[in-house]
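Asks: Pasting the sequence and the predicted coordinates here, then a few questions.
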Amino acid sequence: MHRLAGIELGGTKTVVVLGQPGRIDERVEFATRDPEATLEEALEVLSGWQDVRALDALGIASFGPIRLDCAAADFGRMLATPKPGWSGAEVLAPFAQELGCPVGLDTDVNGAALGEYRHGAGKGCTSLVYVTIGTGIGGGVLVEGHPVHGSLHPELGHLRLRRARGDGFAGACRFHGDCVEGLLSGPALAARLGCHPGEVPAHDPRWEVIAQDLAELLVHLLLTLAPQRIIVGGGGTHRQRHLLARAIDHVPHLLCGYLEDATPAVLAQRIVLPALGDDAGPTGALEIAARALAQRPGHAG
């Protein structure tokens with residue numbers, strides 16, 4: 001049996017795992033700090049496992065934006081990111097150089113999408129979108145089980161939304177102000193609410209405007225990508241589980257009857273919370289490792 005490792009490199013925390021697709025055997029978590037300290041700590045964990053028995057492949061599911069085109073000169077390097085100190089950081093190279101095994105790379109949200117597709121709420125689907133609401137807003141898109149890549153990767157967090165009537169919040173994104181990330185990310189919610197979002201009770205009327213913003217994003221995804229499943233994860237929906245249900249309630253009104261089957265009952269099955277919870281990203285990182293191993297020249301399975 002192959003020995004696979006995965007890294008979920010998030011904006012707030014990093015998770016390093018050892019296991020198989022669908023099974024996590026060992027896990028180490030620590031705060032994401034500057035690139036040198038964070039990647040060195042991850043490499044120390046992997047080297048310890050490597051000392052016991054060689055790793056066959058590593059999968060990295062990283063926050064971004066990050067270059068995924070293996071033909072590009074800056075493949076594996078972080079691009080301009082709001083995370084202080086990380087712009088231009090070499091994410092892939094340190095592991096490829098030190099471990100001597102195939103290393104696969106994708107975004108953290110594509111990793112979570114892969115995990116849910118194979119082992120969670122996306123099982124049986126041919127297309128899905130995974131949205132995470134956390135320090136930032138990320139979106140992973142799978143078609144026939146393959147993550148969508150192009151000139152970069154989907155950046156759903158920087159879409160612009162139609163604003164709720166009367167909402168004057170300027171937004172918190174340093175690039176776009178009131179894009180999705182500027183309205184719905186953890187820092188944006190804290191700015192809107194005046195405290196940590198987890199401290200605001202579900203009955204607070206301010207959640208209605210926020211739910212409408214999330215509903216606008218869901219409508220964009222339904223109309224542009226037609227996914228069989230939209231999975232909404234991250235700390236925002238984990239701590240305020242009512243938010244997704246409220247957003248779904250707004251969707252039929254925003255669609256104005258255009259999608260006839262978009263009833264609340266149908267949407268509640270199509271737009272869901274992750275089945276794997278916090279394990280979605282690490283599980284997906286192991287899937288990325290398995291795919292990297294399968295693509296190795298001469299690999300026979």
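Replies: On my side now, so go ahead.

Asks: Ser62 bridge partners, please.
Replies: Taking DSSP bridges, one obtains Leu9, Thr107 as the residues bridged to Ser62.

Asks: Could you report the neighbour count for it?
Replies: Applying other C-beta atoms under 10 Å, we find 26 other residues in the vicinity of Ser62. For the C-beta atoms, the positions are set from N, CA and C on the backbone; glycine is no exception.

Asks: Pretty sure it sits against Thr107.
Replies: Yes: the criterion here is C-beta atoms under 8 Å, and Ser62 meets it with Thr107 at 6.4 Å.

Asks: Now do the buried residues in stretch 112-125.
Replies: By neighbour count, and taking 16 or more other C-beta atoms under 10 Å as the criterion, the buried residues in stretch 112-125 are 112-122, 125.

Asks: Does Val17 belong to a helix, a strand or coil?
Replies: strand (DSSP: H, G, I helix; E, B strand; the rest coil).

Asks: In helices only, show me the buried residues of stretch 112-125.
Replies: Using DSSP state H, 112-119 are the members of the buried residues of stretch 112-125 that sit in helices.

Asks: now, among those, which is nearest to Gly171?
Replies: For those, the closest approach to Gly171 (C-beta to C-beta) belongs to Ala112, at 24.8 Å.

Asks: Check the gap between that closest one and Ala42 for me.
Replies: Taking C-beta to C-beta, to the nearest Å as the measure, Ala112 falls 18 Å from Ala42.

Asks: Helices of the stretch 101-250 of the chain, start to end?
Replies: Using DSSP state H, counting those that start in this stretch, the helices assigned to the stretch 101-250 of the chain run over residues 108-119, 180-184, 186-193, 206-225, 235-239, 242-255.

Asks: quick one, which of those is nearest to Gly139?
Replies: helix 108-119 (5.8 Å).

Asks: Pull out the CA atoms of the closest one and give them to me as CSV.
Replies: The C-alpha coordinates for helix 108-119 follow below in CSV (Å, rounded to 0.1, in the frame of the first residue of the first chain):
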residue,chain,number,x,y,z
ASP,A,108,-7.0,24.5,-0.6
VAL,A,109,-10.6,24.8,-1.9
ASN,A,110,-10.0,22.5,-4.8
GLY,A,111,-8.6,20.1,-2.3
ALA,A,112,-11.7,20.4,-0.1
ALA,A,113,-13.8,19.9,-3.2
LEU,A,114,-11.9,16.7,-4.1
GLY,A,115,-12.3,15.4,-0.6
GLU,A,116,-16.0,16.0,-0.6
TYR,A,117,-16.4,14.6,-4.1
ARG,A,118,-14.7,11.3,-3.4
HIS,A,119,-15.7,10.8,0.3
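
Asks: Residue ranges in the stretch 151-300 of the chain under the pLDDT threshold?
Replies: The model of the stretch 151-300 of the chain has pLDDT under 70 over residues 297-300.

Asks: Mind doing that once more with 90?
Replies: 151-155, 165-166, 174-175, 198, 234-241, 257, 259-262, 264, 295-300 (pLDDT under 90).

Asks: Could you measure from the spatially most central residue of the chain over to Met78?
Replies: Nearest to the geometric centre of the chain sits Val109, at 2.1 Å (C-alpha atoms, centre = their mean). Distance, Val109 to Met78, by C-beta to C-beta: 15 Å.

Asks: For beta bridges, what are the partners of the residue nearest to Asp279 when sequence neighbours are not counted?
Replies: Spatial nearest neighbour of Asp279, excluding adjacent residues (C-beta to C-beta, 6 or more residues apart in numbering): Ile24 at 6.5 Å. Beta-bridge partners of Ile24, counted by DSSP bridges, are Gly19.
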